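# I would like to see how this sequence folds:
(one chain, ligands or ions: 1)
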Amino acid sequence: MDGSFEVVIIGGGPAGLSAGIYATRSRLNALLVEKMFLGGQIANAEVVENYPGFPDGISGAELGSLMANQAQRWGLQTAIAEVQRLELNGAGRSVLTTEGRFDAKTVIVAGGTEHRKLGVPGEDQYLGKGVSYCAMCDGAFFRDQPVAVVGGGNVALYDALFLARFASKVIVIHRRDQLRATKILQERAFEQAKIEFLWDTVVDSVEGDGKVGGLALRDVRTGSRSDLAVAGVFVAVGLRPNTGFCEGLLDLTPEGFVKVNANMETGVPGIYAAGDIRSGSPRQVVCAVGDGAIAAISAENYLAALV
Ligand code: NAP
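So this is what the prediction gives:
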């Protein structure tokens with residue numbers, strides 16, 4: 001690794017790994033920079049049931065690991081480092097990281113998203129003491145205890161279904177009376193006797209004494225307040241993009257997603273965005289890998305036009 005590449009890919013989830021597979025098979029000198037581990041957030045999914053080719057489903061961790069193996073088999077170089085800044089550097093681009101600087105002719109931004117917080121009192125205080133953003137990681141700590149899940153999307157229902165295996169009761173707290181989650185998950189959750197729903201309800205604060213003991217709730221229709229005793233709360237209220245390192249350089253939506261066209265081109269030549277981080281993404285693994293392929297093909301075309 002000499003610090004200078006034809007393509008630097010930021011992010012080691014499905015979009016970044018797919019871009020890596022396409023770039024290396026085009027014989028481009030490519031480096032992927034990832035801050036944690038290859039595979040991305042999909043590792044937190046107990047099972048992925050909608051990725052074509054796996055009719056019985058596959059664990060998220062295994063799918064991510066297979067993608068990483070495939071990319072590395074084709075020669076994708078990888079670095080574990082956190083990207084701090086993406087900069088223009090004459091005709092090239094520089095990726096500044098905690099492990100040093102990587103220069104590149106093209107960059108594919110595929111840094112994904114992180115969990116959104118509720119932003120209520122007690123949430124940070126009780127992180128790891130009953131507040132969690134990962135049911136797969138922490139669910140088993142709550143065997144035979146009541147827990148809450150906040151949110152009404154796919155992640156909330158996957159979390160609730162997973163937690164129902166351990167917890168005595170799972171209360172899904174949703175701010176509306178209609179779930180956002182896909183119908184098949186709704187059907188499963190409604191059938192699971194341990195899962196209850198609190199509709200039109202928001203969390204005002206997380207309460208406890210050293211660890212989570214309950215939640216202060218508010219009915220958004222009537223304004224009436226109530227307390228719910230739970231040992232744990234799993235927050236699943238959506239995602240926010242990891243785009244802090246490219247603020248000021250790339251055009252972002254008000255929510256912080258990178259604006260791209262159908263070729264995954266940002267407004268800056270030679271810089272592409274792919275996967276959950278880009279505007280308009282349906283945030284599905286199958287879409288992320290498609291984005292990664294498109295971004296790598298666009299980068300290859302850009303490099304070909306330089307010579
Ligand atoms: P999501 O689909 O954006 O849902 C977030 C949920 O949290 C919504 O129900 C939202 O309510 C609620 N919410 C947002 N802010 C809130 C707040 N401040 N207080 C209370 N509730 C709040 O997010 P997600 O479930 O994390 O999923 C993220 C993405 O990954 C989605 O695009 C999803 O489709 C995708 N995904 C797909 C699968 C799959 O199997 N296909 C699996 C997992 C994730 P409202 O409904 O009222 O907005």
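# so Thr222 is in which element?
Using DSSP states H and E, Thr222 sits within no helix or strand.
# residues near it, how many?
Thr222: 8 surrounding residues under other C-beta atoms under 10 Å. To be clear about C-beta, it is placed using only N, CA and C from the backbone, and glycine gets the same treatment.
# could you say which helix or strand contains Met67?
Using DSSP H and E, Met67 maps to helix 60-73.
# Report the separation between the residue of the stretch 151-300 of the chain found nearest the ligand and Leu161.
Scanning the stretch 151-300 of the chain for proximity to the ligand using C-beta to the nearest ligand atom identifies Gly153 as nearest, at 2.4 Å. To Leu161, Gly153 is 13 Å away according to C-beta to C-beta, to the nearest Å.
# thought the residue of the stretch 151-300 of the chain closest to the ligand was touching Ala181?
Yes - contact criterion C-beta atoms under 8 Å: Gly153 and Ala181 qualify, at 5.4 Å.
# who's more crowded, those two?
A count of neighbours by other C-beta under 10 Å puts Ala181 above the other of Gly153 and Ala181, at 22 against 19.
# Nearest residue to that one in space, please, no chain neighbours.
Leu157 (4.4 Å; C-beta to C-beta, 6 or more residues apart in numbering).
# what's the helix or strand for the one you found?
Element membership of Leu157, judged by DSSP H and E, is helix 154-163.
# Would you mind checking the average pLDDT for that helix?
Averaging pLDDT along helix 154-163 gives 97.
# what's the distance between it and the middle of its chain?
With C-alpha atoms, centre = their mean, to the nearest Å as the basis, helix 154-163 stands 15 Å off its chain's centre.
# got a list of contacts for that helix?
Here helix 154-163 makes contact (C-beta atoms under 8 Å, 6 or more residues apart in numbering) with 45-46, 135-136, 139, 142, 147, 149-150, 170, 172, 174, 179-182, 185-186, 188-189, 192, 195, 234, 236-237.
# one more time with 6 Å
Where contact means C-beta atoms under 6 Å, 6 or more residues apart in numbering, the residues beyond helix 154-163 that reach it are 46, 135, 139, 147, 149, 170, 172, 181-182, 185, 188-189, 195, 234, 236.
# Go through the residues you listed and say which is closest to Trp74.
Comparing the contacts of helix 154-163 against Trp74 with C-beta to C-beta places Glu46 closest, at 28.6 Å.
# what sits against the closest one?
By C-beta under 6 Å, 6+ apart, the contact list for Glu46 reads Met136, Phe162.
# My reading is that it lies in a strand. Confirm?
No - using DSSP: H, G, I helix; E, B strand; the rest coil, the assignment for Glu46 is coil, not a strand.
# what about it, distance to the ligand?
Look at Glu46 and the ligand: by C-beta to the nearest ligand atom, to the nearest Å, they are 11 Å apart.
# What backbone torsions are found at that residue?
When read as degrees, to the nearest 10, the backbone of Glu46 gives phi -60, psi -40.
# what helices or strands is the helix holding Met67 leaning on?
Secondary-structure packing of helix 60-73 (3 or more C-beta pairs under 6 Å, 6 or more residues apart in numbering; DSSP states H and E): helix 14-25.
# The helix or strand following the helix it packs on pairs with which strands, and in what direction?
Next helix or strand after helix 14-25 toward the C-terminus (DSSP H and E): strand 30-34. Strand 30-34 has its sheet partners listed here by DSSP bridges as strand 4-10 (parallel), strand 77-80 (parallel).
# so how far is strand 30-34 off the chain centroid?
With C-alpha atoms, centre = their mean, you get 18 Å for strand 30-34.
# Contacts for that strand next, please.
Counting by C-beta under 6 Å, 6+ apart, 5, 7-10, 12, 16, 20, 23-24, 76-79, 81, 83, 97, 102 sit against strand 30-34.
# same thing with stretch 113-124?
Outside of stretch 113-124, the residues within contact range by C-beta under 6 Å, 6+ apart are 131, 133, 203, 205-206, 235, 237-242, 276.
# Kindly recompute the last result at 7 Å.
Stretch 113-124 has contacts (C-beta atoms under 7 Å, 6 or more residues apart in numbering) with 131, 133, 150, 203-208, 235, 237-242, 276-277.
# low-confidence ranges in the protein?
Low-confidence segments of the chain, defined by pLDDT under 70: 1-2.
# Check which residues of the biggest strand by length in it are buried.
Scanning the chain for the longest strand, with DSSP state E as the assignment, gives strand 100-109. Residues Phe102, Asp103, Ala104, Lys105, Thr106, Val107, Ile108, Val109 are the ones in strand 100-109 that count as buried (16 or more other C-beta atoms under 10 Å).
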